[in-house]
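J.: Any chance you can model this:
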Amino acid sequence: MNHTELSSELSYNVSRRVFNEEYFQAYLHKKKKQKLSKRERFLQYFRCSTVKAKSTLFSSVPILQWLPNYQVKEYILGDIVSGVSTGVMHLPQGLAYAILASVPPVFGLYTSFFPVLLYMIFGSSRHVSIGTFAVISLMISAVSVKLVPDDMFVHSLNATNNSDPFAQRDAMRVKVATATAFLSGIVQLCLGLLHFGFVIVYLSKPLVRGFTTAAATHVFVSQLKYFLGIKTKRYSGALSVIYTFLAVCKNIKEANIATIIVGAICVVVLFGVKEVNARCKDRFVAPIPVELIVVVVGTGVSAGINLVGNYQVDVVGYIPSGLRTPVLPDIDLLSKILSDSIAIALVGFSMTVSMGKIFALKHGYTVNGNQELIALGICNFIGSFFQTFPVSTSMSRSLVQESTGGNTQIAGGISACVVLLVIVSLGYLFEPLPQTVLAAIVMVNLKGIFKQVMDIPLLWRTSKHELTLWFVSFLASLLLGLDYGLMVAVGFAIFGVVFRTQSPKYRVLGQIPNTDIYWDVEAYEEVQEIPGIKIFQSNSSLYFGNIDLYVIALQEKIEINPTAILLEKKTLEKKMKQKAKLSEGKKNSFLKLRKSEKKHVTQNKVSEDHQNDEAAKEVSNMQNAEIYFASTGANMPGESLDEEQTTFVKTPSDIHSLILDFSPVNFVDSVGINGLKMMLKKYAEIGINVSISGCNGSVIADLERLEFFDSSITRSLLFHRVHDAVLYCQHKAASESL
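T.: Residues are numbered from 1 along each chain as shown. Alright, predicted model coming up:
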């Protein structure tokens, strides 16, 4: 039996009295809650007990929760396979994304080791792979190039006859990258400790996907010079992607044919094997590590035929072995990278939480946003002392870690051990690796991000507002740079929320016959308005930004403007008093006539009586005119009201009640309260009783706190449902008509 058939067989009949707020409070009894003083609440919050200390420790260090319960027989094999598979992806991506971040490749390996171990201890997601990520690397590159540009550094070093200017340039950029990690970690730690994980709501899915698509475009364009083997200037800031692309096109004649051939072969192999992995993922225990294969084969071919010597193909170069001694990041750089660090912290956090929630929903556990902020903050803060750059979640590695059987972050620890092996013993083997191979790996890995362009037709069909946000995020990030583009996108998202609250849907409700259900009268033919009653609904809260729009919409929808009616009433009263005064003056003038003119006494008396009759008749006509205007909205003869005054004036004689449905309202502020009170009093002056229905507890609390109720506006006008208010208004109108 489907839902339609089932609902058609069910019915209910409830008999109860009409509830307003006064009767509701008398009918029920509130639960007594123990109120604590501020001092008691403060002491209770900071009071320490064994249970509270244990709970705080376990929530802050999640590994203490899941490691003691680790099921070795069930999980260990999957974690080993997953860890090794993810580790072999870390190697080529770490090298490639380090070059993308404008730092030497070995620092990508450091970033693939230290933060991964730290996240295993402090992270709340079991499946995400922390480490290098293309979008974050590009944002780091923008900061590094902005503070340490090629031209300025090379010129200053030439003046001192330095033999290796690029080595010192790279060293300075490493300092910028590690300082960025240091400050980003502090930002994330502070937000996490202050429970500011909710900031992710301002980075909505369309915003993030538009931003990452623009970032992927930046990444793709930045890798063209490595793929083609040409030298171009690095650009940063607004329109940098266009300048970079034009520079590549300008120097296309200098492209190295051998570099292009090697890169093209790698792209074909990567695309082909990744497609096989996608189609045969159910048949393979682990996906084919095509990236590692391409790196190993490319390194072997380069070393075997000496690509760098015979064909001038650019290679990775010197890779030092072993781990570096911890150093303090350059504190002097922090003031210069604050805005960029905040942007990197938020983007890295949003990517990690988004991927973490996907896996948590699939595998039935929860991801704590505040703990993720703390975990990422620790990874970046502590990692910066070991010269790592900011980290985030890689979508491709996370999918591999989850799909190959990873169950916990033990897989992440194993992948870090694989990277450590290369750092300590095997790093030098990758020195002949062509940079075009790494460029091919980066460009092919952007395929998944570029697929987000398919959001456009879907959003076109479902939500034009979200489509606009997607385009604004994409275009702003593409043209203005990732830092300013993200700010513009977040600002536009907030503006969109404010705009939508200021432009809600306004409806006049009617009754579905023989039910207590009220719906938009313009939606269905069967919905009928209640005679003498107007029911108005707005699907937004009332606050300073939309209260004026609410009042105007109400007047337009019910076609009654109390301000215009009261204004015309005052105008008529004034005219009536002026004419009455004129008549009195005429009467006094007749009394002052000289008594000596006796021959005109009779004539004067007749004239005086005639004038008095005319004056009384004019007063009576003015009173009738006032009554006529109030009931019909017509103008006085010989008078023409301003168009603005007569716009909303309509017959109020058949409307005795107005019901404001507050069921969609979530809060009311002081400006909204004042506007609401003024509106209620104006409608009361023209004889229309106003009731409010559907207020939830928080709205009623707002009304009480902001002193909405007084001697003229009591709690009796609040009803818990629209139907209660309708029955009350009908009963009151019937009683007053008797």
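J.: any weak-confidence spans in the stretch 201-350 of the chain?
T.: 201 (pLDDT under 70).
J.: I'd like the next helix or strand past the helix or strand of the chain with the lowest mean pLDDT.
T.: Least confident helix or strand of the chain, by mean pLDDT, DSSP states H and E, is helix 643-646 with a mean of 43. On the C-terminal side of helix 643-646, the nearest following helix or strand under DSSP states H and E is strand 657-661.
J.: Given that next one, what are its sheet partners and their directions?
T.: Paired strands of strand 657-661, with direction, are strand 533-538 (parallel), strand 689-693 (parallel) (DSSP bridges).
J.: wait, which of these is closest to residue 31?
T.: Nearest to residue 31, of all those, is strand 689-693, at 24.6 Å by CB to CB. Quick note: C-beta positions are derived from backbone N, CA and C, even for glycine.
J.: Report the buried residues of that closest one.
T.: Under the neighbour-count criterion of 16 or more other CB atoms under 10 Å, strand 689-693 has 689-693 buried.
J.: Could you dump these into a markdown table with distance to residue 23 and pLDDT added?
T.: Formatted as a markdown table, those follow (distance: CB to CB, whole Å; pLDDT from 0 to 100):
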| residue | distance to residue 23 | pLDDT |
| --- | --- | --- |
| 689 | 18 | 90 |
| 690 | 19 | 92 |
| 691 | 14 | 93 |
| 692 | 15 | 94 |
| 693 | 14 | 93 |
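J.: Which parts of the stretch 401-550 of the chain are helices?
T.: Secondary structure of the stretch 401-550 of the chain (DSSP state H, counting those that start in this stretch): helices located at 410-421, 435-445, 447-450, 455-462, 464-480, 482-502, 547-558.
J.: Quick one: closest of these to residue 655.
T.: Judged by CB to CB, the one of the helices of the stretch 401-550 of the chain that comes nearest to residue 655 is helix 547-558, at 7.3 Å.
J.: got the angle for that closest one vs strand 657-661?
T.: For helix 547-558 against strand 657-661, the angle by axes from the mean of the first three to the mean of the last three CA atoms, to 10 degrees is 130 degrees.
J.: Kindly tell me how buried residue 131 is, as a neighbour count.
T.: Using other CB atoms under 10 Å, residue 131 has 33 neighbouring residues.
J.: Is it bridged to anything, and to what?
T.: Beta-bridge pairing of residue 131 under DSSP bridges involves residue 392.
J.: Show the model's pLDDT score for it.
T.: Residue 131 is assigned 93 on the pLDDT scale.
J.: That one contacts residue 94, correct?
T.: Yes - counting by CB atoms under 8 Å, residue 131 does reach residue 94; the two are 6.9 Å apart.
J.: can you list residues touching both of these two?
T.: 111-112 (CB atoms under 8 Å, 6 or more residues apart in numbering).
J.: in the stretch 601-738 of the chain, which spans are helices?
T.: For the stretch 601-738 of the chain, the helices defined by DSSP H, counting those that start in this stretch occupy 601-632, 643-646, 670-685, 697-705, 722-737.
J.: which residues sit against the fourth one?
T.: Surrounding helix 697-705, the residues in contact under the criterion CB under 8 Å, 6+ apart are 21, 662, 665-669, 673, 695, 709, 718.
J.: can you rerun that using 6 Å?
T.: Residues outside helix 697-705 that contact it (CB atoms under 6 Å, 6 or more residues apart in numbering): 665, 667-668.
J.: just these now: which is nearest residue 90?
T.: Minimum separation from residue 90 among the contacts of helix 697-705 (CB to CB) is found for residue 667, which lies at 48.3 Å.
J.: picking up where we left off before, nearest to residue 50 among the strands paired with strand 657-661 would be which one?
T.: Comparing the strands paired with strand 657-661 by CB to CB, strand 689-693 comes nearest, at 50.3 Å.
J.: Relative to the whole chain's centre, how far out is the closest one?
T.: Centroid separation between strand 689-693 and its chain, computed with CA atoms, centre = their mean, to the nearest Å, is 35 Å.
J.: repeat for stretch 729-738
T.: Remark: stretch 729-738 is offset 49 Å from the chain centroid, using CA atoms, centre = their mean.
J.: export it as CSV, just CAs?
T.: Taking Å, rounded to 0.1, in the frame of the first residue of the first chain, the C-alpha atoms of stretch 729-738 are listed here in CSV:
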residue,chain,number,x,y,z
CYS,A,729,-12.2,36.0,15.4
GLN,A,730,-15.4,34.5,14.0
HIS,A,731,-16.9,34.2,17.5
LYS,A,732,-15.9,37.7,18.5
ALA,A,733,-17.3,39.2,15.3
ALA,A,734,-20.6,37.4,15.8
SER,A,735,-20.8,38.6,19.4
GLU,A,736,-20.1,42.2,18.5
SER,A,737,-22.8,42.2,15.7
LEU,A,738,-25.5,41.3,18.2
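J.: Check which residues of it are buried.
T.: 729-730.
J.: Spit out the contact partners of the residue nearest to the spatial centre of the chain.
T.: Against the mean C-alpha coordinate of the chain, by CA atoms, centre = their mean, the closest residue is residue 202 at 2.8 Å. For residue 202, the contact set (CB under 6 Å, 6+ apart) comprises residue 490.
J.: how near is it to residue 345?
T.: 14 Å (CB to CB, to the nearest Å).
J.: now do residue 281
T.: In this view, residue 281 and residue 345 are 34 Å apart by CB to CB.
J.: Equivalent analysis for residue 298, please.
T.: From residue 298 over to residue 345 the distance is 35 Å, taken as CB to CB.
J.: mind checking which helix or strand the closest residue to residue 382 other than its chain neighbours is in?
T.: In this structure, residue 382 finds its nearest non-sequential neighbour in residue 118, 6.0 Å apart by CB to CB, 6 or more residues apart in numbering. Element membership for residue 118 (DSSP H and E) is helix 114-122.
J.: quick one: contacts of that helix?
T.: For helix 114-122, contacts defined as CB under 6 Å, 6+ apart pick out 63, 130-131, 375, 378-379, 383, 386, 388, 391, 409, 412-413, 416.
J.: one more time with 7 Å, if that's ok
T.: With contact meaning CB atoms under 7 Å, 6 or more residues apart in numbering, helix 114-122 is reached by 61-63, 130-131, 374-375, 378-379, 382-383, 386, 388, 391, 409, 412-413, 415-416.
J.: List only those of these flagged as buried.
T.: Buried subset of those (neighbour count, 16+ other CB under 10 Å): 62-63, 130-131, 374-375, 378-379, 382-383, 386, 388, 391, 409, 412-413, 415-416.
J.: ok, residue 371 touching residue 124?
T.: Yes - here residue 371 reaches residue 124: they are 4.6 Å apart, a contact under CB atoms under 7 Å.
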